[in-house]
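Participant: quick one: sequence and predicted model below, then my questions.
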Amino acid sequence: MNKILQRTVSLVLVMPILCYSFMVCDVKIAGAKTVLESTYRNSFVFSQEDSIQKNEKTENYIVFSENGREYNHVTSEYQEADTISKNSEDLLEGNHVAVLTMSGKEANSLQNSEGIKHVEKDGMVKGSGKIRNRKIRKKKQSELKNEWNMEMVNTAGRKDGEGNDTVKVAIIDSGVDFYNDVEIQDYIDLVPGYEDVLPLYSDISGHGTSVAGVIAAQENEIGITGINPNVELYSARVLDENNEAPISRVIEGIYWAKSRGVNIINMSFGTAEDSEALHSAIKEAADAGILLVAAAGNTKSQVEYPAAYDEVIAVGSVDSDGIVSDNSANGTELELVAPGEKVASTGGFQGTVICSGTSMAAPHVSGIASLLWQKDKSVSAKFIRDLLRASANRYGDAREYGSGLVDYEYAESIYDEFKENYKEAEAVIEPNISQINTIESNEYVEGSWLGVHHQQLLDSVTVLSAADVKTMKEGAIYPDHPEDLKGKTANPGFHGAENYVANTIYLSYMARDGKLANASNYFTETEMENFGDIFNDMYTKLQKHSGDIKGKYFLWGIVIHNITDSYAHMTYVKSDSMSSWLRLVHDQSENSGNPGYLVGADNLYIARGRWDSAQTAVNNAIYEISRGRALTFRVYEHESYFNTYPNETLEGYPYFNYNFKMINLYQNAKAVDYGASYSTILKQATYGSFK
């Protein structure tokens, strides 16, 4: 008996139970109508229960103060926890919250001090999903155009441009890789040590990027298309490379999202701990009119926090048959279900990954909520929440399916009637009992594959696994961590400076071979005379850190870092109205010898096209990686440099559409002459793309 037949029989056998569940769940059926009961929120009051162990063990505690004076006092008495990023300080201080290191005995005493509202031990949350590590064959865009999960929730007829305002969605997660398949309006990295790392590939695990892809991947020739590419995405990185974060960091992320005026917050992580501190931040966000959506968890049993809080939509997972996933949490807190088994989404380096878990179910709800909300931004978060529940496809026990499977098409079809009759206390609408779109075959092999730019590759070419991509990302951020590798002035070979073409080629030789080697193994005596000093410096420093290097894909990540840094450190920018080009610098101290300059070398919104160009160069490099080859100067040779965004602007970013050109690209390429033709570079140089 096959899987579908088995489950069909199971559903028939449990129908009497399901009918009873419809009467006892929080969405009650009365005749042919559905009545949604309102959820009343009481103001949050901290419990006075003493749950802190009075011992000498030193741990991190979250401390809520009554006011700024008490905050200053307590932070002067105790040491700040090392889990706090320098990007976090204003977020926490502004809310009179501190994360401090102290003993249990000290924490218990502080809890009872005047001016202190609450003290609790800082717990941990973990991402509620898994990215598969096996390899997968390459897919064409036509095969991915209508993913099974999008068919199941009926988003094919989405109306991206409807409404006067775009909806702002914050993804509090492991970060979102910044490139041209997922546009980010603003971002913050709250993981200590990563504050200054560009978010091009900072999502080490790929978890947050896959969540973002489901919501908002662009409708282009790259990977999948998200539910609503029209949203404004905001990314708060709280989860580390292991998809873990202290609760205090999640609170920071919520405060940051709230300060950005977002409409929806997606949280694809959870914890079994009921944290009063976390609940307080959740309550503040809800009171600010934010719709909160969270993964129910992969516990098989209880719904995790923050999903379990009344203010949050708890989302469970179903497979391609519409059956609740084996590990999906269940309970009275469960509100909706959405696809979460072997879901294709956006991966690292413009690839695609296959992910499973309630982490992937939650963004389906966030994406559909954004589509519905952009029809009229004046309606409340509660209206959108009630509409999602009223329109959900009901076919299972409430403890496992909540109000049912989220359904955009049905929600959109009843929107006007629902809005006309809507009251805060109740809403009456015909229940959605239509047949769901189960998928007869969902034969994804678990893993990741290369992006659309490399789909011409033969099946025999090596394809990167998710584990390989993760290792490359670790290498891509590595040069920004050890003190003796940081800085383009001290270490031009790792940060896209001096002859960045030659440096990239040298690094790629070592990456191809998967080991460190002196440059004399690859370059002629003449070339060593020209580049030997910087090559030897690079080799010596890498040797010192050889214990950190995890093989060829890690080395390829260092190559990619140098490529992308070239677009930060070796560019001029110009607008159509300007008579001269400005050198992009980090700060005024770099302005030596440059009469015209603009501060903001690492600003992702100055000359936005240079980052798309950087991505194209990285794609060129990945193509060579897949063929087991080193790079030539042609890694930088492509056609997307000039005026990439000719008619676009971005609110709040006046330099978004600046043109740019690479400094000395032609000369650098010519200096590393392998007998290749320079006709293309010379032709492009005449159009002002290169200096």
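Facilitator: Perfect, thanks for sending it. Residues are numbered from 1 along each chain as shown.
Participant: contacting residues around Ser370?
Facilitator: Ser370 makes contact with Val167, Val169, Ile215, Ile227, Asn228, Val231, Asn263, Ile264, according to Cβ atoms under 8 Å, 6 or more residues apart in numbering. Glycine gets a C-beta too; all of them are placed from N, C-alpha and C.
Participant: got the phi and psi for the fifth one?
Facilitator: Geometry field for Asn228 lists phi and psi as phi -140, psi 80, criterion degrees, to the nearest 10.
Participant: now the two most distant members of the contacts of Ser370.
Facilitator: Spatial extent of those (Cβ to Cβ) is set by the pair Ile227 and Asn263 at 14.8 Å.
Participant: higher neighbour count, these two?
Facilitator: Ile227 (27 against 24; other Cβ atoms under 10 Å).
Participant: tell me the secondary structure for that one?
Facilitator: Recorded secondary structure, Ile227: coil (DSSP: H, G, I helix; E, B strand; the rest coil).
Participant: circling back: looking at the contacts of Ser370, which are in helices?
Facilitator: Counting by DSSP state H, the contacts of Ser370 place Ile215 in helices.
Participant: buried among the contacts of Ser370? Make that a ChimeraX selection.
Facilitator: Listed next is the ChimeraX selection for buried residues among these, using 16 or more other Cβ atoms under 10 Å:
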select :167,169,215,227,228,231,263,264
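Participant: can you redo the contacts of Ser370 as a markdown table with distance to Met570 and pLDDT?
Facilitator: Formatted as a markdown table, the contacts of Ser370 follow (distance: Cβ to Cβ, whole Å; pLDDT from 0 to 100):
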| residue | distance to Met570 | pLDDT |
| --- | --- | --- |
| Val167 | 38 | 97 |
| Val169 | 34 | 98 |
| Ile215 | 34 | 97 |
| Ile227 | 38 | 96 |
| Asn228 | 36 | 95 |
| Val231 | 33 | 95 |
| Asn263 | 39 | 98 |
| Ile264 | 39 | 98 |
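Participant: among the contacts of Ser370, which one sits closest to Met528?
Facilitator: Met528 has its nearest neighbour among the contacts of Ser370 in Ile215, at 50.3 Å by Cβ to Cβ.
Participant: identify the residues contacting that closest one.
Facilitator: Val169, Ile171, Gly226, Ile227, Asn228, Val231, Leu233, Asn266, Pro363, Ser366, Gly367, Ser370.
Participant: and which of those residues is nearest Asp484?
Facilitator: Ile171 (34.3 Å).
Participant: what about the closest one, is that helix, strand or coil?
Facilitator: Following three-state DSSP, the label given to Ile171 is strand.
Participant: so which residues of the stretch 51-200 of the chain form helices?
Facilitator: Ranges of helices within the stretch 51-200 of the chain are 68-77, 89-93, 104-111, 141-144, 148-152, based on DSSP state H, counting those that start in this stretch.
Participant: quickly compare these and say which is most buried.
Facilitator: The highest average neighbour count among these, using mean count of other Cβ atoms under 10 Å, belongs to helix 148-152 at a mean of 22.
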